[in-house]
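Novice: let me see the structure of the following:
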Amino acid sequence: MILLIIGVAAGIISGMGIGGGTILIPALVLFVKPGQHIAQSVNLIFFIPTAMIALIIHIKNKNIDFKMAVPITLAGLIGAFFGSRFAVSLSSAALKKWFGIFLLIMGCYEMIRKGKRDSNKDEKIG
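Specialist: Modelled structure (predicted):
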């Protein structure tokens, strides 16, 4: 049952374009307790069908700028190759630590960005 709940929550977040891995990987590690490499591998398998569904819907709604998407995708493929080679070379504990640091940095970035956006709205209103 817990896997079903984790999958639905991660699928909703993934479909919104936010990245289901930010939910899926920590939830798997906390509640199911696989190794970090396994959790991240499950995330990659999970990503393929959910991304395909979201992509079809976004293409249908004309929400994709292909001039922007193609170079980003090509660069992402190169980054994925080197990133996966790096991840495989790390121990599970080190990979968990690096992933945690990444999530912490992204969380701080989002809070700072949101704070700046809210203060800009206040300046325009006042």
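
Novice: measure His58 to Gly79 for me?
Specialist: For His58, the distance to Gly79 (C-beta to C-beta, to the nearest Å) stands at 22 Å. (C-beta placed from N, C-alpha, C; glycine too.)

Novice: the two: which is more packed in?
Specialist: The residue with more neighbours, out of His58 and Gly79 and counting by other C-beta atoms under 10 Å, is His58; that gives 13 against 10.

Novice: so the more buried one touches Ile64, yeah?
Specialist: Yes - using C-beta atoms under 8 Å, His58 is in contact with Ile64, at 5.4 Å.

Novice: tell me the secondary structure of Pro34, please.
Specialist: coil (DSSP: H, G, I helix; E, B strand; the rest coil).

Novice: what residues does it make contact with?
Specialist: Pro34 makes contact with Leu28, Val42, according to C-beta atoms under 8 Å, 6 or more residues apart in numbering.
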